[in-house]
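Colleague: Build me a model:
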Amino acid sequence: METALSTISVLPSEKLEVAQFARMLKSEILANDRDPLMILKHLKLIQKTLDDVLTDNEIDEHFLTEAEKYKEKTFKHLDCEFSIMETGVKTDFKECGDSKWFDLQKKLTDLKKELKDRENFLKALPYEGTVDPVNGNFLTKPTRTSKTKVTITL
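Modeller: This is a model prediction of the structure:
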């Protein structure tokens, strides 16, 4: 009987294999007569599966328990360097009761709103530009770049 772990064991397991597999996959996707959107869907489902597994707290604890057996914060194993470290550290300054921090936070919030308002003003400029009545500078519409992609919602 095939298991989930035996299924992933056919995928690359060494760094060099990853690059080779990616090149091979790219070549086959571009040369294949299969439905490209079906391939995209399949790749996104694989990505979601890996994301779900790699962000699962219970699995994280399982990996941590095993890594702690090595008695070092950083160690080499399986031709890789593993490190045990804090991630996603957040500091809540609201609990400090510091009025100076609250004042600065308010100024920052106000400045962010003022900046956003100015950006919206600049986005709305006519294509030919305009003169700023306050300082006489010539203002033009901001440049905009983008990339067109197919997105998929699973």
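Colleague: Could I get the full set of strands for the chain?
Modeller: 74-77, 80-83, 130-131, 138-139 (DSSP state E).
Colleague: if I look at the most centrally placed residue in the chain, how far off is residue 114?
Modeller: Per C-alpha atoms, centre = their mean, the C-alpha nearest to the average position across the chain is that of residue 51, at 11.2 Å. Residue 51 sits 37 Å away from residue 114, going by C-beta to C-beta, to the nearest Å. All C-beta spots, glycine's among them, are computed from the backbone N, C-alpha and C.
Colleague: Please work out the average pLDDT along the longest helix seen in the chain.
Modeller: Longest helix in the chain, counting residues (DSSP state H): helix 99-123. Average pLDDT, helix 99-123: 97.
Colleague: Would you mind listing the outside residues contacting that helix?
Modeller: 93, 139, 141-142 (C-beta atoms under 8 Å, 6 or more residues apart in numbering).
Colleague: State the pair within these that is farthest apart.
Modeller: 93 and 141 (38.0 Å; C-beta to C-beta).
Colleague: So between the two, which is more surrounded?
Modeller: residue 141 (14 against 11; other C-beta atoms under 10 Å).
Colleague: Touching, that one and residue 130? I think so.
Modeller: No: using C-beta atoms under 8 Å, residue 141 is not in contact with residue 130; the gap is 9.5 Å.
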